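**Student:** Let's see this in three dimensions:
(6 chains)
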Number of protein chains: 6
Amino acid sequence: MGISERTAIRIKRLEIQGARNIAKKGLEALAADARASKARTGKAFMKELEAKAKKLATARPTEPALRNGLNIVLKEAQMAEGLGESQRAAVRAAKAYTAEMKSAIDEIARIGSKRIRNGDTVMTHCHSSSVMAVLKKAKADGRKFSVVCTETRPRFQGRMTAKELLRAKIPVTMIVDSAARRFMNNADLLLIGADAVTSEGFVINKIGTGQICLAAQEAKTMVGCTCETFKFDPITLAGDWEPIEVRDTKEIWAKPPKGLRMRNPAFDLTPPDLIDFLITEEGVISPFEAGIIMREKYA
Amino acid sequence: MGISERTAIRIKRLEIQGARNIAKKGLEALAADARASKARTGKAFMKELEAKAKKLATARPTEPALRNGLNIVLKEAQMAEGLGESQRAAVRAAKAYTAEMKSAIDEIARIGSKRIRNGDTVMTHCHSSSVMAVLKKAKADGRKFSVVCTETRPRFQGRMTAKELLRAKIPVTMIVDSAARRFMNNADLLLIGADAVTSEGFVINKIGTGQICLAAQEAKTMVGCTCETFKFDPITLAGDWEPIEVRDTKEIWAKPPKGLRMRNPAFDLTPPDLIDFLITEEGVISPFEAGIIMREKYA
Amino acid sequence: MGISERTAIRIKRLEIQGARNIAKKGLEALAADARASKARTGKAFMKELEAKAKKLATARPTEPALRNGLNIVLKEAQMAEGLGESQRAAVRAAKAYTAEMKSAIDEIARIGSKRIRNGDTVMTHCHSSSVMAVLKKAKADGRKFSVVCTETRPRFQGRMTAKELLRAKIPVTMIVDSAARRFMNNADLLLIGADAVTSEGFVINKIGTGQICLAAQEAKTMVGCTCETFKFDPITLAGDWEPIEVRDTKEIWAKPPKGLRMRNPAFDLTPPDLIDFLITEEGVISPFEAGIIMREKYA
Amino acid sequence: MGISERTAIRIKRLEIQGARNIAKKGLEALAADARASKARTGKAFMKELEAKAKKLATARPTEPALRNGLNIVLKEAQMAEGLGESQRAAVRAAKAYTAEMKSAIDEIARIGSKRIRNGDTVMTHCHSSSVMAVLKKAKADGRKFSVVCTETRPRFQGRMTAKELLRAKIPVTMIVDSAARRFMNNADLLLIGADAVTSEGFVINKIGTGQICLAAQEAKTMVGCTCETFKFDPITLAGDWEPIEVRDTKEIWAKPPKGLRMRNPAFDLTPPDLIDFLITEEGVISPFEAGIIMREKYA
Amino acid sequence: MGISERTAIRIKRLEIQGARNIAKKGLEALAADARASKARTGKAFMKELEAKAKKLATARPTEPALRNGLNIVLKEAQMAEGLGESQRAAVRAAKAYTAEMKSAIDEIARIGSKRIRNGDTVMTHCHSSSVMAVLKKAKADGRKFSVVCTETRPRFQGRMTAKELLRAKIPVTMIVDSAARRFMNNADLLLIGADAVTSEGFVINKIGTGQICLAAQEAKTMVGCTCETFKFDPITLAGDWEPIEVRDTKEIWAKPPKGLRMRNPAFDLTPPDLIDFLITEEGVISPFEAGIIMREKYA
Amino acid sequence: MGISERTAIRIKRLEIQGARNIAKKGLEALAADARASKARTGKAFMKELEAKAKKLATARPTEPALRNGLNIVLKEAQMAEGLGESQRAAVRAAKAYTAEMKSAIDEIARIGSKRIRNGDTVMTHCHSSSVMAVLKKAKADGRKFSVVCTETRPRFQGRMTAKELLRAKIPVTMIVDSAARRFMNNADLLLIGADAVTSEGFVINKIGTGQICLAAQEAKTMVGCTCETFKFDPITLAGDWEPIEVRDTKEIWAKPPKGLRMRNPAFDLTPPDLIDFLITEEGVISPFEAGIIMREKYA
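**Tutor:** Sure thing, here's the model as predicted:
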């Protein structure tokens, strides 16, 4: 079993988590396997690489950042001539992609920071590394603001958010997920992350996001979504619905009474009309423009 | 210290819970104290009774059912002539009120049951004894339906709901509170309880209710609210906002990191335009009619 | 078989149509049977009367005007003492009810006429005798206005509307049902009838009404509904959903291809927030007030 | 010419302004004329009184408070027996009505004051004596809050509002009418007065009210309307649209260029679903309940 | 008279119907005329070709697919050098365009099929060949779903839809157009075709589409629109409103009473915010992106 | 002090007004200074030019048309080689930009004119030169329509609009800003200008625009916005909020009572979902497409 296969298993087991981290680890694994490949011909190499990429791509369903990266690596390897060149192209492409992911989040932080004003109350849900980057950059830029974060059931990622913000000396108030509407009138901005964006502009993010965005719309609170463009998912352009991971119901109730059914989707869909703007590394845009950018980048 | 005072303390400490139970225990305590009073004159008795009633009334802020009952007892005692008659009137009124509470919930079950149709999926939030009564009556009436219940953070009252429904052989699926919008399109009816109803028709119920009702409106799912008219709160007719109990934040996170603020309101407000009908013991009405009934009953 | 039973059959067969006409014919039949009864005792008479009333009441499901009338007749007969008095009471009550229905529509015409202004374009759907009465009264009162009517599939009752308006010299334009939204921006008032009103304020009227009211709301066109209070249905106050008649699918397509399913509900539900006012014989009110009036009249 | 006729002229010329003041002065005039009447018979007196009342009633179109008062006076006079008794009844009724108007506003202040919380920002439009009474009572009750008021074109009544609030030491910020939506997110409550309320719950108030209420709904800002029940207009129950006064266009532009048309309605209609509650002297109710109260009081 | 002229007449007489079919027959006619032209110079040929194209383009107003094709043919012919080359270019371009129309619908079927899930209820309106292609492809792909179709007055195109689906063994239920809102809560997807899309994203489709989309939005039912990009109409980019064909009113009522006006627009406008996604041959996009694609393709 | 500095002062003092005029005068000043520069090296020249451009750019905050022009001039000067060439490039670029501004407005007039139909009532707010151009072109094109314009407090720019339209023989009716909702049902089109458009599609225009657009949405009145693409502001793409100029409060009330606070923002934000289309010189597009065009043009 190669590194890719083992990494796929670790992703499946949630030993590796977070869209960006999963993509990074997945691509590093594929690059390592490419470098170490014992294939004799370019064709054999490609077949091998494709098989490994597929393993990684299907480890978890809602991971366009990884899928987009794998596709780019495969394409670059394919376009190179000769076995050696193909191997080197795969490694180079994987590195380039992870480097771009890194610079994208820095750029998002730089752009998004300007959206945080002195005195703002920013609400957020779950734990998003790009939302964290924006808030910490705004703090570094000297802005004074406070954050309201949900606890984010069932896995309490809001606690990570709270701790990280406290470490950054950003005042933070925690509420239960159900209280978001209650505190929405006091919020100036709702800032959420994204696991995927579809070609028609729907944002896939942690379960509860849609509900909170609905409450934001009701209260005329601006909604921003930080999202690297490599989370734009071209399979939706081709007609697929974005797959939604359904997770173990033990996360909800470890020892439920016999006979109780539970449902535990990890993500939900927020329609673009509930989101005022996406903060991408290419700038602030409307979610309705995602399809055009996806066509440019991936079609 | 009399029984009323001790009961007030137990209510404050949450040893007695649930709007109906609190009202019942509070009135029984007041009746016991009335019976055992050592006052020498009607006037002294009334002063004593009023003091005890006030202790009970202020034990927890959002308890109109108790407050309405106490007011009726005081009024009846006041209108009776002579000490002995006044004591007996207080006891009688307390008994009558608790009896009416019992018959009200039976009537609500009888009325509300007809709203559950074969094949329905009913969503509910938190644990409401009148919602439970309706669902169990519908089951007893031979209707086949299933329930989706939220877990209801922070105190997981949804687990009580799930257990009670399972005991009644009603199929039930549990979701996290944040997933309500995700499953709303499949629901035929959202059925919630109420802790209080204001004169302009707002429903005060467990935190999260407003958010879920908003999701129901978005999906054109009917929203019904079971509510005895003794939860209609006449202090709102007189201008007060319904007080909202704020509870210990340890309920959210027992050992939070230092510096973390938390907010834990127990209830929220749902505006009447998000609720299609109230199921009261006097029939199915619009929440917009609450003020008229309140004027009739309590003004 | 008595007159009531024969009338029930004629109602079932649609030989008698229209909420008011059905109620009138049904009550006349019951009165006739009451007068001709050969019962020997008051008790026997009541039993007979109740059986006949039930036949009439169940001839078609969505007929509160008839049901309310039958209930009043039964109650009056019940309250009278002795066989003869009971018979006379039944006859008197039936007459009184039909007389009230007549005067109610006159009053509605008088009240509703004031809502039609010079230069107005009034849209209507289906054929409602009370809407007709309002429009003809407005014409008689000297107002100049025009009407847009839908054809009203599947039975083209809009053609009756068009003919009746043309006879009254009121300019009328017919459109297909689907074109209502297209012409809504030009309409000053949407005026519809009702077959039943529920205690929470929903209006039951010809299929398509809800859709057109939705289009009216979108275009900020006022929506008025003419409705005698004897169409307010007290069974909804007691928890029942208003039953919706489902009719023969041949009305949609007389000779459909084999295997085609069709669905033909005669009525739909319009929520009270889509209706600005009810024009009743007791005045112009909000649909949200229907439950209060129902409690006064029938509870 | 009697006092009533002269008063009617002064009302028409805007020498007497404000719904309450107009009603007061109108009723005092009618009472004076009633007292001084030289009629020889009760019938002649009534004829005279009715003529005078009509003059007053038609001085300005949108004045239900005056109209309701005049009707009560006429009814009381009518019901009294004999000329002298009839005169006395008219005088008594006029006095009683003006006294009730006074106590109503005090009661509204007392009730409404509770709706102002410490720290609130209250937005208002135009100048309403009952809104002023509420705000000043809240200040007297020790609440700390600030007000945002519009200037209220074309006659700048907002300046009266600003001055009166400054005198009462209530902090106030003035904006142009068009800026209401811009500042709505910061407002906790929009508090408006009313010139009339219709039986279906529409509020007639200074032009611009509807627009600002729409902005309040968009931002989920609560909307309260202070309104004595004698402004509930029973002519709307009987089918009439509330008449809307159209005023001199010179108010908009004193010396407009030739050929310019201008339109200057003094009031507009706000639908009940844009208003959360009415603060009346009988308590806080939903605007949807206005019709029921109107039926009780005036039908 | 050439073939183009005769074809234009047949289009006008509805002997040729359906946006795609009209475009195909129109372009074939123009190609045939181009081939058979007796013009002596390129300039004369172009003049002739333009005249014929104009005849075809104006045969019916709402036909962008034909107009776009004709413009491409004219442009290609214009750009070619010399008479013969110009003729050949016209023929080639016409062929290429009809071929692309064919492949576009296949691509739409392939993409759209993925949007149909097992167990779905899909609602549709009128008869659209691209909707039919999607549904049949989904069936071929093994998905199990059912369809609700409207009858589509005035010309009952829903019957064509029903027959075609039954032939494809897809279960189908027919309802009257007015019943769409009634059955919307049970629908998982509303799938409609388009006759034209404007640069700002409005969809022009069979009368009734806007109303049904409004009902879908109310019930949070997803709305997809199948639409080849050659139906994107560049005249709207240049400012024109999309022309809407108004058809013979005999379609509504063949023998109406004298004096009855009727209005029979064939299409209506659905704003982009009522449509979740367009399924084009270039992928699934938001309707708000239509203008960008139109600029790329036709500007 | 150079011409640029003096022009910046005149812009600041409002001696030069209107987005297009400010841009024109600013660029002419910069071009004159570029031509007259005494710099000895290209580098020195660029430093000088940048300093002057900055003065102009910061004269007033909400002026993207000027800012975009200045940036283009700087870029062209930078890209030219050698001092002389650099000077000439600056002058050429400034001229080209002002020429494009002129042709853009002509193109917008040509395109927008087609959106005005015979018989239309067009509402507008404030005074926009591009709206004026559209309306006058429509008049010149023979269309018969009328205009409703607001007076536009605090500076009554509506009077300029009214005068200009009267001179063009276009019938015009003036209303106070607060009356816009009242007359919206009669309007067929709301046509507004723009001072800036953000990358996510928000339109920045005269205070009040958002409120009127909200009223237009409520009444389903189409909203068009005339806007040259050089008002699309790329700083928003980079994360900045569009700065909103706050003006002297004396504009609201010249001699306010002591202690009165006033707020006078010149512009407000209208979200893209309240605007149906932008009329740009590149065609009619959705406001949601602004970000894509901005990326093409300025990124």
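
**Student:** ok, how many other residues are close to the residue in the stretch 51-200 of chain A positioned nearest to chain D?
**Tutor:** Per C-beta to the nearest C-beta, residue A:185 is where the stretch 51-200 of chain A lies closest to chain D, at 5.9 Å. Glycine gets a C-beta too; all of them are placed from N, C-alpha and C. Around residue A:185 there are 18 other residues, counting by other C-beta atoms under 10 Å in any protein chain shown.

**Student:** how close does the nearest residue to it once chain neighbours are set aside sit to residue D:218?
**Tutor:** Leaving out its chain neighbours, the residue that sits closest to residue A:185 by C-beta to C-beta, 6 or more residues apart in numbering or on different chains is residue A:219, at 5.1 Å. Using C-beta to C-beta, to the nearest Å, residue A:219 is found at 9 Å from residue D:218.

**Student:** Repeat that for residue A:185.
**Tutor:** From residue A:185 over to residue D:218 (counting by C-beta to C-beta), the distance is 12 Å.

**Student:** got the residues of the stretch 151-299 of chain A near chain E?
**Tutor:** For the stretch 151-299 of chain A, the residues in contact with chain E (C-beta under 8 Å from any C-beta of the partner chain) are A:198-201, A:236-241, A:271-273, A:286, A:288-292, A:295, A:299.

**Student:** Just the buried ones among the residues you listed, please.
**Tutor:** Among those, those classed as buried by neighbour count (16 or more other C-beta atoms under 10 Å in any protein chain shown) are A:198-201, A:236-240, A:271-273, A:286, A:288-292, A:295.

**Student:** and chain F, which of the residues you listed contact it?
**Tutor:** Checking those against chain F (C-beta under 8 Å from any C-beta), the matches are A:273, A:286, A:288-289, A:292.

**Student:** Tell me the one among these nearest to chain E.
**Tutor:** residue A:288 (4.1 Å).

**Student:** secondary structure class for that closest one?
**Tutor:** Here residue A:288 is recorded as helix under DSSP: H, G, I helix; E, B strand; the rest coil.

**Student:** give me every residue that touches it.
**Tutor:** Going by C-beta atoms under 8 Å, 6 or more residues apart in numbering or on different chains, residue A:288 touches A:201, A:272, E:286, E:288-289, F:201, F:286, F:288-289.

**Student:** Now pLDDT and distance to residue F:250 too, for those residues, in a markdown table please.
**Tutor:** As requested, those are exported to a markdown table (pLDDT from 0 to 100; distance: C-beta to C-beta, whole Å):
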| residue | pLDDT | distance to residue F:250 |
| --- | --- | --- |
| A:201 | 98 | 45 |
| A:272 | 98 | 43 |
| E:286 | 97 | 46 |
| E:288 | 97 | 42 |
| E:289 | 95 | 46 |
| F:201 | 98 | 34 |
| F:286 | 97 | 39 |
| F:288 | 97 | 39 |
| F:289 | 95 | 40 |
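
**Student:** Nearest to residue D:86 among those residues?
**Tutor:** residue F:201 (70.0 Å; C-beta to C-beta).

**Student:** Please look at the closest one and residue F:294 and confirm they touch.
**Tutor:** No - Residue F:201 is not in contact with residue F:294 according to C-beta atoms under 8 Å; the separation is 10.0 Å.

**Student:** mind showing which ranges of the stretch 1-150 of chain A have poor pLDDT?
**Tutor:** Applying pLDDT under 70 to the stretch 1-150 of chain A picks out no residues at all.

**Student:** how about the strands of it, start to end?
**Tutor:** A:121-124, A:146-150 (DSSP state E, counting those that start in this stretch).

**Student:** How about the first one and chain D, touching?
**Tutor:** If I follow you right, that is strand A:121-124. No - using C-beta under 8 Å from any C-beta, strand A:121-124 stays clear of chain D, coming no nearer than 11.6 Å.
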